[in-house]
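**Q** Sequence and predicted structure are below.
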Amino acid sequence: MTILFGKKIKYLRENKDISQTKLAKMIGVTNAMISACENDVRQPSIDTLAKIANYFNVSMDYLFGKTDMNVDGVSIDVSNISQEHRAVVYEMVEAFKQIDKKP
């Protein structure tokens with residue numbers, strides 16, 4: 001499953017529990033720009049893409065959809081895995097994140 005660029009940004013932002021306004025301030029763009037990107041109405045400049053990637057510690061390849069998964073800044077190639085198995089991998093990663101949050 002290929003996730004649209006805007007959905008990736010929204011997922012990353014919500015996963016970090018920050019608002020569009022805070023992300024915009026952190027990377028030096030307007031809240032309207034973040035909203036437009038998340039809704040796939042507008043594509044950011046390469047400079048803004050780099051800032052987004054750096055802020056979330058993900059690769060540009062991940063944002064561009066060249067890799068489907070990014071864990072702690074490391075892209076994982078899942079291109080030869082079925083869509084069902086990709087979903088299992090995503091679920092496992094999220095489950096481990098929840099386990100690791102617990103004291």
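**A** Received it, and whenever you're ready, just let me know what you need.
**Q** make it CA atoms for all contacts and neighbour counts henceforth
**A** OK.
**Q** Please enumerate the strands of the protein.
**A** Using DSSP state E, the strands of the chain run over residues 69-71, 74-76.
**Q** any idea of the mean pLDDT for the last one?
**A** It refers to strand 74-76. Averaging pLDDT along strand 74-76 gives 61.
**Q** One more: stretch 44-60?
**A** For stretch 44-60, the per-residue pLDDT averages 89.
**Q** Next, the buried residues of that stretch.
**A** Of the residues in stretch 44-60, 44, 49-53, 56, 58-60 count as buried by neighbour count, 16 or more other CA atoms under 10 Å.
**Q** just stretch 8-26 next, same as before
**A** Buried residues in stretch 8-26, counted by 16+ other CA under 10 Å: 8-10, 12-13, 20, 23-24.
**Q** what's the closest of the residues you listed to residue 83?
**A** Distance ranking of those against residue 83, using CA to CA, places residue 8 first at 17.1 Å.
**Q** show me the contacts for the closest one.
**A** 38, 63 (CA atoms under 8 Å, 6 or more residues apart in numbering).
**Q** And the helices in this protein, which stretches?
**A** For the chain, the helices defined by DSSP state H cover 5-15, 20-27, 31-38, 46-56, 60-64, 83-101.
**Q** okay, the fourth one in CSV with CA atoms only?
**A** By that I understand helix 46-56. The C-alpha trace of helix 46-56 is given here as CSV (Å, rounded to 0.1, in the frame of the first residue of the first chain):
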residue,chain,number,x,y,z
ILE,A,46,12.8,20.6,-1.7
ASP,A,47,14.1,22.7,1.1
THR,A,48,10.8,22.2,3.1
LEU,A,49,10.9,18.5,2.3
ALA,A,50,14.3,18.3,3.8
LYS,A,51,13.2,20.1,6.9
ILE,A,52,10.3,17.8,7.3
ALA,A,53,12.5,14.7,6.8
ASN,A,54,15.0,16.1,9.3
TYR,A,55,12.4,17.0,11.9
PHE,A,56,10.8,13.6,11.8
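**Q** now for that helix, which elements pack on it?
**A** Applying 3 or more CA pairs under 8 Å, 6 or more residues apart in numbering; DSSP states H and E, one finds that helix 46-56 contacts helix 20-27, helix 60-64.
**Q** This completes my enquiry, with thanks.
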